[in-house]
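Q: Structure for this input, please:
(2 chains)
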Number of protein chains: 2
Amino acid sequence: MNLKLIENHRSFGGEQRKYSHYSEVLQCDMTFSLYLPSNKGMEKIPLIWWLSGLTCTDDNFSHKSGFQRLAEKYQVAVMIPDTSPRGEHVADDESWDLGQGAGFYLDATQEPWAKHYKMYTYITEELTAIASSLVPNFSGKESIMGHSMGGHGALVMGMKNTERFKAISALSPILSPSQVPWGIKAFTTYLGENQTSWKEWDASELVKGTGMPPIHITQGTEDGFYPEQLTETYFLKNAQENNVAVDYKKEEGYDHSYFFIATFLEDHFAFHMEYLR
Amino acid sequence: MNLKLIENHRSFGGEQRKYSHYSEVLQCDMTFSLYLPSNKGMEKIPLIWWLSGLTCTDDNFSHKSGFQRLAEKYQVAVMIPDTSPRGEHVADDESWDLGQGAGFYLDATQEPWAKHYKMYTYITEELTAIASSLVPNFSGKESIMGHSMGGHGALVMGMKNTERFKAISALSPILSPSQVPWGIKAFTTYLGENQTSWKEWDASELVKGTGMPPIHITQGTEDGFYPEQLTETYFLKNAQENNVAVDYKKEEGYDHSYFFIATFLEDHFAFHMEYLR
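A: Numbering: from 1, shown residues only, chains lettered A, B, ... in the order given. Presented below is the predicted three-dimensional model:
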């Protein structure tokens, strides 16, 4: 599968790796990052997926969140995909909230995006097979978390694969993409004007389904994108009407940055580990 | 003093601030970062200075080390200066290990550097006065730590001000700048050919003095700059001959990166707090 280890740093006893590979699904070269704990306990290792927000690559979370301390503490592997297909031959847009760096974790159907923008299939199939081959002593148990656009991605992937992901969590997620400017722009571009096609990529719609994993969400009150892009109203209403238990917490004074993410990651890891052991 | 708060993020309960100001000593606009813990214990707050390495600004440590968790845990403020004077009118060099981003924490005597490159006086006087005014409930107790070029800076500032700094620590520091390529290039440029003037800026010389604070050093064995730039031979020999207690630890498999710094920061904070309470 043409996989190349391009970085490997010892970190908190484990290994922070970065790989490049050619993606058959996305038809371009991609990178991703993977943390492997030291496996000193020799127990089976579960896997958490982290999906990043707009403009990020796989580096932001690995460089800025401090998650490696928690992954080593809990002996869990962490897989960090990039946020979109990349390259000069890949369709792009001048704005930072569309195109490269802004794949929205869906499979695009509209031209010129449909050829490369298949982040959903890339992550849930191609990268999943790669992760299985790279995590030694893998327990097979997985969960998913993310931030902002990646919070949207984590909720969508988790709720579309309820058998697979044991827990879902999100920090300042886009909860109702069909209702907010970032989501409307991306969905119109990638999926077209027909809003029926948007529903399978909208957490507020998917939460009406059955067998949902436990969901934990943290939102800072001083987040400059809240509530405009990150409103929780529709999601929580639909979750409640469908008896889906969502732990939605607001945290006083926190913004949208990695300072916020780093602060609450310990809560999120502890939540996931309840379901990954 | 023309101080402007340009960023303020809640982080682990405290505040990660960033300021800009005009420096009278450096004769240019500067930025620095300051973490203030929540002061929830209402005890007096000590202050740790962090000095960054080559190419860094004050952002690298505040974005990539995860130190805020420890600063809040121990209720200590942390002051993070930039690594050199900055600006279009400030002398610079094309190479990354000289000029802007590479001030070496000394007071330059050679032209065209002498006008702006006074990082030692800037930090120990101008920024010190600013810090005193910004840390609420300040205990007056201070210590200093740093990485690589900043490890050199921390050792030099700490050993030139033995009454002031209660502890010194360094991660992968330049311990003998007069003997290694980075240091020889910088000292020749900033201080001139006469090596007598280099001695007051060389930790391996300063360690021959009296009344040294406790010193803790961590060095990764897979650091690409070790031992060429970071050799410990002269420093440890001189420390031992002068009966200065240095705890020098090598850590297997770690490199020069922030993954290494983040891993061992907990040890360093615990060491400093022994002397700051």
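Q: Could I get the full set of strands for the stretch 1-150 of chain A?
A: A:4-11, A:14-23, A:28-36, A:45-51, A:77-81, A:138-147 (DSSP state E, counting those that start in this stretch).
Q: Would you format those strands as JSON lines with distance to chain B, mean neighbour count and mean pLDDT included?
A: Heads up, the C-betas are built off the backbone N, CA and C, glycines and all. Listed next are the strands of the stretch 1-150 of chain A as JSON lines, based on distance: least, C-beta to the nearest C-beta, whole Å; neighbours: other C-beta atoms under 10 Å in any protein chain shown; pLDDT from 0 to 100:
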{"stretch": "strand A:4-11", "distance to chain B": "4", "mean neighbour count": "18", "mean pLDDT": "98"}
{"stretch": "strand A:14-23", "distance to chain B": "5", "mean neighbour count": "19", "mean pLDDT": "98"}
{"stretch": "strand A:28-36", "distance to chain B": "10", "mean neighbour count": "21", "mean pLDDT": "98"}
{"stretch": "strand A:45-51", "distance to chain B": "16", "mean neighbour count": "26", "mean pLDDT": "98"}
{"stretch": "strand A:77-81", "distance to chain B": "14", "mean neighbour count": "26", "mean pLDDT": "98"}
{"stretch": "strand A:138-147", "distance to chain B": "15", "mean neighbour count": "24", "mean pLDDT": "98"}
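Q: Check the gap between the closest residue in space to A:Lys160 that isn't next to it in sequence and A:Thr231 for me.
A: Among residues not flanking A:Lys160 along the chain, A:Leu206 sits closest, at 6.6 Å (C-beta to C-beta, 6 or more residues apart in numbering or on different chains). Distance from A:Leu206 to A:Thr231, counting by C-beta to C-beta, to the nearest Å: 16 Å.
Q: Compare these two (neighbour count), which wins?
A: Per other C-beta atoms under 10 Å in any protein chain shown, whichever of A:Leu206 and A:Thr231 has more neighbours is A:Leu206, with 21 against 17.
Q: list the contacts for the residue nearest to A:Lys160?
A: Applying C-beta atoms under 8 Å, 6 or more residues apart in numbering or on different chains, one finds that A:Leu206 lies in contact with A:155-156, A:159-160, A:199-200.
Q: Recalculate using a threshold of 7 Å.
A: A:156, A:159-160 (C-beta atoms under 7 Å, 6 or more residues apart in numbering or on different chains).
Q: which among those end up buried?
A: For those, a neighbour count by 16 or more other C-beta atoms under 10 Å in any protein chain shown gives the buried set as A:156, A:159.
Q: quick one on the thing from earlier: could you report the pLDDT at the residue nearest to A:Lys160?
A: Confidence at A:Leu206, expressed as pLDDT, is 98.
Q: Chain A against chain B: which residues are in contact?
A: Contact residues, chain A versus chain B (C-beta under 7 Å from any C-beta of the partner chain): A:9-12, A:16, A:63-64, A:66, A:253-255, A:257-259, A:262-263.
Q: Now a PyMOL select for only the buried ones of these.
A: Paste this into PyMOL to select the buried members of the residues of chain A next to chain B, with burial taken from 16+ other C-beta under 10 Å:
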select buried, chain A and resi 9+10+11+12+16+63+64+66+254+255+257+258+259+262+263
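Q: Relative to chain B, how far out is A:Ile215?
A: Separation of A:Ile215 from chain B (C-beta to the nearest C-beta, to the nearest Å) stands at 24 Å.
Q: Could you point out which of the strands of the stretch 1-150 of chain A sits nearest B:Ala129?
A: Shortest distance between B:Ala129 and these, using C-beta to C-beta, is found for strand A:4-11: 37.5 Å.
Q: isn't A:Gln217 right next to A:Tyr248, touching?
A: Residue A:217: Ile, not Gln. Yes - with contact defined as C-beta atoms under 7 Å, A:Ile217 reaches A:Tyr248; the gap is 4.7 Å.
Q: Could you check which of the two is surrounded by more residues?
A: Applying other C-beta under 10 Å to A:Ile217 and A:Tyr248 shows that A:Ile217 carries more neighbours, namely 25 against 15.
Q: distance between the host helix or strand of that one and the chain's centre?
A: Applying DSSP states H and E as the criterion places A:Ile217 in strand A:215-220. In terms of C-alpha atoms, centre = their mean, to the nearest Å, the centre of strand A:215-220 is found 14 Å from the chain centre.
Q: Name the residues that touch the helix or strand just after it?
A: Once the chain leaves strand A:215-220, the next helix or strand it forms, by DSSP H and E, is helix A:233-241. Applying C-beta under 7 Å, 6+ apart, the external contacts of helix A:233-241 come out as A:175-176, A:179, A:203-204, A:207-208, A:246, A:248.
Q: partner strands of the helix or strand following helix A:233-241, parallel or antiparallel?
A: Next helix or strand after helix A:233-241 toward the C-terminus (DSSP H and E): strand A:246-251. Strand A:246-251 pairs in its sheet with strand A:215-220 (parallel), by DSSP bridges.
Q: Test my guess that A:Val244 contacts A:Pro213.
A: No - A:Val244 sits out of contact with A:Pro213 when judged by C-beta under 7 Å, with a separation of 9.5 Å.
Q: which neighbours do these two share?
A: With C-beta under 7 Å, 6+ apart, A:Val244 and A:Pro213 have no common neighbours.
Q: and the residue in the stretch 1-150 of chain A positioned nearest to chain B, what pLDDT?
A: Residue of the stretch 1-150 of chain A nearest chain B, by C-beta to the nearest C-beta: A:Gly66 (3.2 Å). The per-residue pLDDT reported for A:Gly66 equals 98.
Q: what about it, distance to B:Ile261?
A: Plainly put, A:Gly66 is 11 Å away from B:Ile261 if you go by C-beta to C-beta.
Q: Kindly report the same for A:Asn137.
A: 29 Å.
Q: Quick check: pLDDT value at the nearest residue to A:Thr162 once chain neighbours are set aside.
A: Computed as C-beta to C-beta, 6+ apart, the closest residue to A:Thr162 that is not its neighbour in sequence is A:Gly211, at 4.5 Å. A:Gly211 carries a pLDDT value of 96.
Q: Same question for A:Asp223.
A: Looking at A:Asp223, its pLDDT reads 98.
Q: In contact with it: list those residues for me.
A: A:172, A:230, A:255-256.
Q: any low-confidence regions in chain A?
A: A:1 (pLDDT under 70).
Q: Check which residues of the strand holding A:Ile217 are buried.
A: A:215-220.
Q: List just the nearest of the residues you listed to chain B.
A: For the buried residues of strand A:215-220, the nearest to chain B is A:Gly220 (7.6 Å; C-beta to the nearest C-beta).
Q: Helix, strand, or coil at the closest residue to that closest one other than its chain neighbours?
A: Excluding the flanking residues, the one nearest A:Gly220 by C-beta to C-beta, 6+ apart is A:Tyr254, at 3.0 Å. Under DSSP: H, G, I helix; E, B strand; the rest coil, A:Tyr254 falls in the coil class.
Q: isn't A:Tyr254 right next to A:Phe260, touching?
A: Yes - with contacts counted by C-beta under 7 Å, A:Tyr254 reaches A:Phe260, the gap being 4.3 Å.
Q: If I follow the layout properly, A:Ser139 ends up in contact with A:Asn39?
A: No - the pair A:Ser139 / A:Asn39 is not scored as a contact, 11.3 Å apart, by C-beta under 7 Å.
Q: which residue packs closest to whichever residue of the stretch 101-250 of chain A sits closest to chain B, ignoring adjacent ones?
A: Of the stretch 101-250 of chain A, the residue with the smallest distance to chain B, taken as C-beta to the nearest C-beta, is A:Glu222 at 7.1 Å. Leaving aside its sequence neighbours, A:Glu222 sits nearest to A:Asp255 (C-beta to C-beta, 6+ apart; 4.9 Å).
Q: now A:Ser132
A: A:Phe138 (6.3 Å).
Q: residues contacting A:Ala167?
A: Applying C-beta under 7 Å, 6+ apart to A:Ala167 gives the contacts A:143, A:213-214, A:271-272, A:275.
Q: ok, 8 Å please
A: Contacts of A:Ala167 by C-beta under 8 Å, 6+ apart are A:143-144, A:158, A:213-216, A:271-272, A:274-276.
Q: In a markdown table, list the residues you listed along with distance to A:Ala102.
A: Converted to a markdown table, these look like this (distance: C-beta to C-beta, whole Å):
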| residue | distance to A:Ala102 |
| --- | --- |
| A:Ser143 | 24 |
| A:Ile144 | 19 |
| A:Gly158 | 20 |
| A:Pro213 | 26 |
| A:Pro214 | 28 |
| A:Ile215 | 24 |
| A:His216 | 25 |
| A:Phe271 | 27 |
| A:His272 | 26 |
| A:Glu274 | 32 |
| A:Tyr275 | 30 |
| A:Leu276 | 29 |
